[in-house]
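Undergrad: Give me the fold of what follows.
(chains A, B and C)
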Amino acid sequence: MVRTKRWKITTALAATALLAAACGGAGEEGGSGGGQAGEPGTTAGFDGTTIKLGVLSPLSGPIAVIGQPLTAGNKVWFDHLNSQGGVAGKYKVELVQEDTLYKPDVTVQQYNKTKGDVVAFTQILGTAPTLAVLPLLESDKMIAAPASLDAIWVREDNLLPIGAPYQIQSINAMEHYLNEGGGSPDSKICTMVQDDVYGEAGQQGIEFAAQEYGFTVANTQRFKVGTENYAGQIGALAGAGCEMVFLTATPTDAGKIWGTAAQAQFAPRWYGQSPSFVGALAKSAVAPYMQQYVTIVAEGTEWGDESVPGMKDMIDRVEQYAPEQQPDYYFAFGYNQARAMTALLEKAVERGDLSRDGLLQASQELGTVSFDGLTGDYEYGPADTRNPPRSTTLYSVDPGKPFGLATLKYDFSSEAAGKFEFKKSDT
Amino acid sequence: MTTFLQNCFAGLSLGSTYALVALGFVVIYKSTGVINFAQGGLLALGAYLGYTFSNNLAVAFAVAVLLCCVSAALVGATFERIVLRRMVGQPPFAVIMITIGLLFVLEPLITAIWGFEHKQVNNPWNIRTVEAFGLVFGVRDLWTIGLTAAVVLAFFLFFRFSSLGLAMRVTAFDPEAALAQGISARRVYAVSWAIAAALAALAGILMAAGPGGLTPSIGFIALAAFPAMILGGMDSPAGAVLGGLIIGLAEALTRGYQDRLFSWAGDNVSVIVPYLLMIVILLIRPYGLLGTREVRRI
Amino acid sequence: MAGAHRNMTRGYADELRLFGTPLARFGLVAMIAVFLLLPTILQDDFWLSVLIYVGITAIGALGLNLLTGYCGQISLGHAFFIGAGAYVTARIGGDLGLPLPVWLLAAGVVGAVLGGLIGPFALRLRGHYLAIVTLGLIFIGEHLWRNLTPITGGNSGTSVNAQPAIGPIDFGGLTLLGESYSRNQGWFWLVWALVALVALLAKNLVRTRPGRALQAVRDRDQAAEVIGVRAGRYKIGAFMLSSAIASVAGALFGSYQQFVSPDEWNLLLSIQYIAIVIVGGLGTIFGSVLGAIFVGALPALIDRYSDAIPGVRTSVGGEGFVSVFALNQALFGLLIVLFLVLEPRGLAGIWLRIKAYFKAWPFSY
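TA: You can find the predicted model right below:
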């Protein structure tokens, strides 16, 4: 009896196994591709009239302060584009937004959730989430635009980065300090960076500049994000006699660091990497100190500067599509990112193929994209020959300005920044 | 020498914050036998309430501090009344998990109301400093140390001389005997949650009034206060204060001498110094510096 | 024979059978059928990847439940061992290119060794003190992950190229009987087969002598010593076993995600595991798996259908006041609270009640 029962079970299992095989796998999937030049054929994420683009961004959690304005930037550009008819004047763009919480594993899940419904990803925010998705992008032949200024994206075929990487910002900041900021290679030059990938990127730029300009970094303080008391680090920098400190941080920490420095009456020349600053800092009690000692290293131009055509257009569009949007650095980044993606889509439509392969091909053929002065022009093309912008804009803190920043030196580039070589990530 | 004293001062200020949070842990642990993981959430809630009082309702900062402590105390007592009272007699695992549940509810609640943005609390301290003996003292840090000292003193006076304090001590010592004496254990539990929440709120608003301002991640500091509580002994209020100060000092000094003495240990070794110190001390004294040795029966 | 009632047992051997009753046998067949068929019916990558993460989490939770549920030791350091497993895999499976069984085993061994290091503390400390010391492990671990750059890639994280392949069988791209299966389908089978294997091992462990010893230690360690159970040895053993299983889960996590960074092995992850074993039911094998499904799949469900929930903001500038994640977290918290207030024995407790109802049918009450 026992034997017959076992036999029954085995038969049942064998039957299910057969069924499993019959129901088939999902190993070969992918867009059905489009025809040769002409109307692009329908494909995953494109139904013939609307192009869907994915956004993987931390819309909640501590990094939401970056994700929300950045995504708003994506959206305002596409709202504007749609009001003009859309990509190539006829295909409207729709965003599929997913919250990643800035976590790699959640990003992978959300990527899997969204990838079948979109043509490409117009935003994946953060270095770690992008690295987590990168192998999947390669195997799915998907294109994505990383919202991160890390230098390792430049040489990736599946990524569409914009802007001058952090390394370039650091190098240009050093050029400015040594030539116009009163420093010399003998000055005590120090760095204060947060202990993650973003901090490493800033530090890497400074170390490159140290070789080029022949100075040594006198002291480096690596701090943990969310440290409560910075007295120790500031004390160590002051003890080392630093005359210039390059800071790679995010606003919460930067506020505490500058506040502690002000309290300790430590007053070197500070250069802050672009994400260190947020408008609220210019209204805080630390503002007078920052006005005096802090220079912010970023790109583009100050918020509301009508002399730059790109900025004027952007402000008009913000007023039209997102009137409650506060001036924000990340907003402009998202806006530019959407422009780069639009350039790619236009190219793909011109080639008559919006499939994944089509987009990859289009990205190989994409030439220089200009951002009307909001960020430097980017030479796209095959990843090996891409050339990102090498220009930087320096700002001083000015509470009177909309975003609290006034242009100090607009859109300049250093020779050393031109020499910086971009390599594919080997991690 | 100046650097050393300056680092010590930073350590005392940090240690005071730890002491306030750890004291909250101990109050709840002593009376109910539960580690309250929601302390960090209550701390953040208190700080944000303080922000609302000070900025949106524009009351004087001192009043705002008082109001935020009182309202946090109410939240703590209410939670005890509604949820935890049902859990009396359940295994400690379950009750700890409930406090974690509360933490998970508090965090999104705070961000849903106040958002993720960086906030600046209107306050008279901020980055102001005073100078004396060749040292620079942050006004906020001085107030933190002073208020902590005052609160700790009041705390011990309360437990020593008030009838409610006595009731709490008795309940902690032997709940059944206390009940037999007509002491309301319910009242004791509710009061201990209220006290712990108020202490957390005070720590929160003191932190938010510094140069860093206020973000939802402010509650993380409660994690660093765990070693303070354990180091001192989980059921010893005096141990919590002592543990807080030791941990604060150790952290600030390691930080200050990182480059000279601790560079071999990697960057930011100061962040884990509280835990290392805790582990070393526990290996020597398994119930902390001032904790009571558990009597075990077969 | 025919007369014996379906629930009748004739001795300890019968009592200990895993799939003794017809109901249990039916359940087994149903589970295997679901296991084999689900990925072919549900080809959607999103749901498959959710289920794969759930399976990996279930393995880790089984490990924690052996320690916490059966041996009564609270550990907040589970995330540390998961991280260790992922890094071992990155180096042994990825850099050296060794096959799946080798890197899984290596991760397990390293996990066991690291778990053994906790031994002295487990012997000396009790209850909450031990819990907070293991909490310290998370922070010390994070410091190590950030500074041991050659192994962990430091702050930048590391890619994990370990291939899920045994000889010619590559779960990353299975081809059976002329059908080719996607990476997620292959991974689903691999992970859930391992869940079954670990669950079976755990079940066998707890119904034999060591398992009973563990439970004696949990219930009162001194009493256990008196009846001849070497409590210290079992405590350390439980730590080693639980860490080894956690590292295996970490190995799978790393290999599936292909990239890991030090930010992932934080306290939240540990707390999530504790929540799983408590929601699932302490000291139950099936409960760990149920808990993992519940805690892992619920957020995904809410996320997928968030558009339909009023008041939830799914896009920037959209309607609503609370984000999907915030809602998820609040619900998660509320569920934990409600669960423990209403059903302290967890999901497995509910399951046992249902089972008892049907077992006694038609005389259930």
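
Undergrad: switch to C-alpha atoms for all contacts and neighbour counts from now on
TA: Will do.

Undergrad: ok, how many other residues are close to the residue of the stretch 1-150 of chain B found nearest chain C?
TA: Going by C-alpha to the nearest C-alpha, chain C is nearest to residue B:101 of the stretch 1-150 of chain B, at 3.9 Å. Other residues near residue B:101 number 25, with proximity taken as other C-alpha atoms under 10 Å in any protein chain shown.

Undergrad: ok, it - contacts?
TA: For residue B:101, the contacting residues are C:332-337, by C-alpha atoms under 8 Å, 6 or more residues apart in numbering or on different chains.

Undergrad: Phi and psi next, for it.
TA: Phi and psi for residue B:101, reported as degrees, to the nearest 10, are phi -60, psi -40.

Undergrad: before we move on, back to that, mind checking which of the contacts of residue B:101 are buried?
TA: Buried residues within these, counting neighbours by 16 or more other C-alpha atoms under 10 Å in any protein chain shown: C:332-337.

Undergrad: Please report how far residue B:275 lies from chain C.
TA: Noted for residue B:275: a distance of 5 Å to chain C, by C-alpha to the nearest C-alpha, to the nearest Å.

Undergrad: ok, for that residue, nearest residue in space, not its chain neighbours?
TA: residue C:136 (5.1 Å; C-alpha to C-alpha, 6 or more residues apart in numbering or on different chains).

Undergrad: how about the helix or strand bottoming out on mean pLDDT in chain B, does it reach chain C?
TA: Ranked by mean pLDDT, DSSP states H and E, the weakest helix or strand in chain B is helix B:258-261, scoring a mean of 77. No: using C-alpha under 8 Å from any C-alpha of the partner chain, helix B:258-261 never reaches chain C; the gap is at least 14.4 Å.

Undergrad: by contact count, what packs against that helix?
TA: Contact analysis of helix B:258-261 by 3 or more C-alpha pairs under 8 Å, 6 or more residues apart in numbering or on different chains; DSSP states H and E lists no helix or strand as a packing neighbour.

Undergrad: in the stretch 251-365 of chain C, what residue is nearest chain B?
TA: For the stretch 251-365 of chain C, C-alpha to the nearest C-alpha, closest residue to chain B: residue C:333, 3.9 Å.

Undergrad: what sits against residue 208?
TA: No chain was given, so I picked chain A. Residue A:208 sits next to A:171, A:420 when contact means C-alpha under 8 Å, 6+ apart.

Undergrad: I was thinking of chain C, sorry if that wasn't clear
TA: By C-alpha under 8 Å, 6+ apart, residue C:208 has no neighbours at all.

Undergrad: about what we covered before: for the residue nearest to the residue of the stretch 1-150 of chain B closest to chain C when sequence neighbours are not counted, what are phi and psi?
TA: Computed as C-alpha to C-alpha, 6+ apart, the closest residue to residue B:101 that is not its neighbour in sequence is residue C:333, at 3.9 Å. Phi and psi for residue C:333, reported as degrees, to the nearest 10, are phi -60, psi -50.

Undergrad: how far away is the residue of the stretch 251-365 of chain C closest to chain B from chain A?
TA: 16 Å.

Undergrad: And for residue B:238?
TA: The gap separating residue B:238 from chain A is 24 Å, by C-alpha to the nearest C-alpha.

Undergrad: got it, and residue B:215?
TA: 7 Å.

Undergrad: What score does the residue lying closest to that residue once chain neighbours are set aside have for pLDDT?
TA: Leaving out its chain neighbours, the residue that sits closest to residue B:215 by C-alpha to C-alpha, 6+ apart is residue B:118, at 5.3 Å. Note on residue B:118: pLDDT of 78.

Undergrad: try residue C:72
TA: Reading off the confidence values, residue C:72 has pLDDT 85.

Undergrad: Helix, strand or coil: sort out it for me.
TA: With DSSP: H, G, I helix; E, B strand; the rest coil as the basis, residue C:72 sits in coil.

Undergrad: How about it, nearest residue that isn't a chain neighbour?
TA: Setting aside the residues directly before and after it, residue C:72 is nearest to residue C:218 in space (C-alpha to C-alpha, 6+ apart), at 4.4 Å.

Undergrad: show me the contacts for the spatially closest residue to residue A:113 that is not a sequence neighbour.
TA: Closest residue in space to residue A:113, ignoring its immediate chain neighbours: residue C:46 at 4.1 Å, by C-alpha to C-alpha, 6+ apart. Residue C:46 makes contact with A:109-114, according to C-alpha under 8 Å, 6+ apart.

Undergrad: Any idea how far apart the tips of stretch B:129-147 sit?
TA: 17 Å (C-alpha to C-alpha, to the nearest Å).

Undergrad: tell me which residues in that stretch are buried?
TA: Residues B:129, B:136-142, B:144-145, B:147 are the ones in stretch B:129-147 that count as buried (16+ other C-alpha under 10 Å).

Undergrad: Where does residue B:248 fall, secondary structure wise?
TA: Under the criterion of DSSP states H and E, residue B:248 resides in helix B:237-256.

Undergrad: average model confidence for that helix?
TA: Rounded mean pLDDT across helix B:237-256 is 91.

Undergrad: again, but for stretch A:339-356
TA: pLDDT averaged over stretch A:339-356 gives 91.

Undergrad: give me the residue from the stretch 51-200 of chain C nearest chain B.
TA: residue C:136 (5.1 Å).

Undergrad: check contacts around that residue.
TA: Neighbours of residue C:136 in contact, by C-alpha under 8 Å, 6+ apart: B:272, B:275-276, C:77.

Undergrad: now the strands for the stretch 51-200 of chain C?
TA: Counting by DSSP state E, counting those that start in this stretch, the stretch 51-200 of chain C has strands at residues C:158-159, C:165-166, C:169-170, C:175-176, C:179-180.

Undergrad: coming back round to it: for residue B:205, state which of the buried ones among the contacts of residue B:101 is nearest.
TA: Nearest to residue B:205 among the buried ones among the contacts of residue B:101: residue C:333, at 24.9 Å, using C-alpha to C-alpha.

Undergrad: So which bits of chain C are right by chain B?
TA: By C-alpha under 8 Å from any C-alpha, the residues of chain C that approach chain B are C:121, C:124-125, C:128-129, C:132-133, C:136, C:139-140, C:143, C:147, C:220, C:222-223, C:275, C:278, C:321-323, C:326-327, C:329-337, C:340-341, C:344.

Undergrad: Which entries within these meet the buried criterion?
TA: Among the residues of chain C next to chain B, those scoring as buried are C:121, C:124-125, C:128-129, C:132-133, C:136, C:139-140, C:143, C:147, C:220, C:222, C:275, C:278, C:321-323, C:326-327, C:329-337, C:340-341, C:344 (criterion: 16+ other C-alpha under 10 Å).

Undergrad: Residue A:124 and residue C:284, how far apart?
TA: 40 Å.

Undergrad: correction: residue B:77
TA: From residue B:77 to residue C:284 the distance is 34 Å (C-alpha to C-alpha).

Undergrad: can you map out the helices along the stretch 101-250 of chain B?
TA: B:139-161, B:163-173, B:175-180, B:185-208, B:221-232, B:237-256 (DSSP state H, counting those that start in this stretch).

Undergrad: Longest helix in chain B, by number of residues?
TA: helix B:2-32 (DSSP state H).

Undergrad: Any part of that helix near chain A?
TA: Yes: Helix B:2-32 is in contact with chain A by C-alpha under 8 Å from any C-alpha, via B:3, B:7, B:10, B:14.

Undergrad: Can you name every helix or strand that that helix contacts?
TA: Helix B:2-32 sits against helix A:231-239, helix B:39-51, strand B:135-138, helix B:139-161, helix B:163-173, helix B:185-208, helix B:221-232, helix B:237-256, with contacts defined as 3+ C-alpha pairs under 8 Å, 6+ apart.
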